[in-house]
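Need coordinates for the below:
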Amino acid sequence: MTTLAQLTDGGCFFEGPRWHDGRWWVSDFYRHGVFTVTPEGRMDRVLDMPEQSSGLGWLPDGSLLVVSMLDHTVLRWHPELGLSTYADIGEYATGHLNDLVVSAEGTAWVGNFGFDLMGGADVAPATLVRIDTDGTVSPAADDLWFPNGMVITPDGGTLVVGETFGNAMTAFTIGADGSLTDRRPWAAFGPRPALGSRRDMLAQLSVGPDGCCLDAEGQIWIADAFNQRCIRVAEGGAITQEIRAPEGQGVFACMLGGDDGRTLLLCCAPDSAASRRKAAREAVLMTARVDVPHAGRP
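Numbers count the residues shown, from 1 in each chain. Have a look, this model is predicted:
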């Protein structure tokens, strides 16, 4: 059994965890901000995000990209230059924006829900969007069922996307120009569900991939949004390790970090329902020590 330790509490809904410059960085949807957390658990607000922040990633110049979910934009923040709009994804987003990953060269990929999740709409496919280093926005891949957490392999050649309602992790080859080709399954946790209502699709899912991170053995830690756990998965879909959430909590994102890359951070909350999370401070950040360190991006 893996021992979990609480790093901090009092959140509404933590997402987009990253390890950067000796601290954890996280978004909190309903406190509308980006926060840093020291390894000792001290939390500080870095940015106010009135339109709800999610995915985080750094450009080569050290500036931070932040997904602004509700207004379909990606913002750029530099401690000396402040906050500005980096890209508008509205032309391609059919639901709230969610996670983001940035390559070593500065190309970013951004997912979105694809439908009105909180409004109870039926699940619909979404388009993954690419942002080039000059801010140009273009569609990168379509027909993804809730593209969510993403990782890039250490060689920069492969992007793996979690499809929360697709029962799968899907891989693409990254071209020199940032284009995505050779779409293929990285891990399938069961048959691809038939599109329909959220209730009908949930009944067909074995794993609901949410936030994720890659380790040095090429396995991916995945927050399983529907099963109150974080799982370590090998290419092909074999689950090699499982960490259960604390009683009464689910896991919605994870990240490897710490000075040696072997601390696994879990973003936990009782559920992901906006109405309940806005009204409570029940989200926690938990940590566990693992054997294999972080690799790739984010």
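
show me what contacts the closest residue to residue 273 other than its chain neighbours?
By the measure of CB to CB, 6 or more residues apart in numbering, the closest residue to residue 273 outside its immediate chain neighbours is residue 118, 7.8 Å from it. No exception for glycine: its C-beta is placed from N, CA and C like everyone else's. Residue 118 is in contact with 96, 273, 274, counting by CB atoms under 8 Å, 6 or more residues apart in numbering.

Quick check: phi and psi on the last one?
Spelled out, it's residue 274. Here is the backbone geometry of residue 274 (degrees, to the nearest 10): phi -60, psi -40.

again, but for the first one
The phi and psi torsions at residue 96 (degrees, to the nearest 10) take the values phi -60, psi 140.

Pretty sure it sits against residue 70.
Yes. At 6.3 Å, residue 96 counts as touching residue 70 under the criterion of CB atoms under 8 Å.

Give me the common contacts of these two.
residue 52.

With neighbour numbers in mind, choose between the two.
Neighbours of residue 96 and residue 70, each counted by other CB atoms under 10 Å, are more numerous for residue 96; the result is 24 against 15.

Now do the contacts for that one.
52, 69, 70, 112, 113, 117, 118.

What of residue 75?
By CB under 8 Å, 6+ apart, residue 75 lies in contact with 49, 65, 66, 68, 83, 84, 85, 86.

go again using 6 Å as the cut-off
Contacts for residue 75 (CB atoms under 6 Å, 6 or more residues apart in numbering) come out as 66, 68, 83, 86.

Which members of these occur in strands, if any?
Among those, DSSP state E puts 66, 68, 83, 86 in strands.

Lowest-confidence entry in the residues you listed?
Within those, residue 83 has the lowest pLDDT, namely 95.

which residues sit in contact with the closest residue to it other than its chain neighbours?
Sequence neighbours aside, residue 77 is the residue nearest to residue 83 in space, at 4.8 Å (criterion: CB to CB, 6+ apart). The contact partners of residue 77, by CB under 6 Å, 6+ apart, come to 47, 64, 83.

Return the entry from those residues with the maximum number of neighbours.
Highest neighbour count within the contacts of residue 77: residue 64, with 22 neighbours (other CB under 10 Å).

Distance check, that residue against residue 258.
Residue 64 sits 20 Å away from residue 258, taking CB to CB, to the nearest Å as the criterion.

Buried residues of the helix or strand of the chain with the lowest mean pLDDT, list them for me.
Lowest mean confidence among the helices and strands of the chain (mean pLDDT, DSSP states H and E): helix 198-202, at a mean of 85. Within helix 198-202, the residues that count as buried by 16 or more other CB atoms under 10 Å are residue 201.

Please compute how far it lies from its chain's middle.
Between the centre of helix 198-202 and the centre of its chain there are 21 Å (CA atoms, centre = their mean, to the nearest Å).

For the helix or strand following that helix, which strands pair with it and how are they oriented?
Once helix 198-202 ends, the next helix or strand along the chain (criterion: DSSP states H and E) is strand 209-215. Sheet pairing here is set by DSSP bridges, and for strand 209-215 it gives strand 220-224 (antiparallel), strand 294-295 (antiparallel).

OK, contacts around the residue lying closest to residue 29 once chain neighbours are set aside?
Closest residue to residue 29 apart from its sequence neighbours, by CB to CB, 6+ apart: residue 13 at 4.3 Å. Shown in contact with residue 13 (CB under 6 Å, 6+ apart): 29, 30, 269, 277, 283.

if I look at residue 13, how far off is residue 19?
From residue 13 over to residue 19 (counting by CB to CB), the distance is 20 Å.

Then residue 30?
For residue 30 relative to residue 19 (CB to CB), the value is 23 Å.
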